[in-house]
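K.L.:
Sequence first, then the predicted structure:
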Amino acid sequence: QVQLVESGGGLVQAGGSLRLSCVASGRFFMIKHMAWYRQAPGKQRELVASLTGRDITNYLDSVNGRFTISRDNAENTVYLRMNLLKPEDTAVYYCNIEARFSGDPMVRMYWGQGTQVTVSS
């Protein structure tokens with residue numbers, strides 16, 4: 001069973017930067033899409049950024065121009081670079097990958113456990 005492990009969250013002042021990483025325990029065979037979601041207390045989970053297997057990106061309007069999603073296939077990793085962070089970016093961030101991994105004939109959806117990002121004003 002492939003697992004996704006996230007890291008890179010933490011406490012940062014407004015205007016600062018963080019880079020989130022999500023490492024898959026398996027080797028990518030075919031990527032359908034990768035994404036980062038976030039969920040703030042009392043709010044619904046929302047899509048922050050996505051990256052298709054053909055490298056088409058899409059961003060939530062409020063983060064467009066500040067966040068960048070990218071991947072490293074050799075490292076089985078998806079990243080979220082977050083610049084100019086704002087207090088309203090505070091949330092638990094989750095990575096999401098829909099892919100087929102080496103040794104598995106099926107395309108499956110995977111979620112990370114979440115990493116906390118807190119932006120102080």
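P.N.:
Sure, I can see it.
K.L.:
CA atoms for contacts and neighbours, from now on please.
P.N.:
Fine.
K.L.:
any idea of the mean pLDDT in stretch 104-121?
P.N.:
Summarised as a single mean, pLDDT over stretch 104-121 is 95.
K.L.:
ugh, typo on my part, it should be stretch 20-32
P.N.:
92.
K.L.:
and residue 74, how far is that from residue 48?
P.N.:
As defined by CA to CA, to the nearest Å, residue 74 lies at a distance of 24 Å from residue 48.
K.L.:
before we move on, what about residue 111?
P.N.:
In this view, residue 111 and residue 48 are 14 Å apart by CA to CA.
K.L.:
higher neighbour count, those two?
P.N.:
Counted by other CA atoms under 10 Å, residue 111 and residue 48 do not tie: residue 48 has more neighbours, with 24 against 20.
K.L.:
Check which element follows the helix or strand hosting that one along the chain.
P.N.:
Element membership for residue 48, per DSSP states H and E: strand 46-52. As assigned by DSSP H and E, the chain's next helix or strand after strand 46-52 is strand 57-59.
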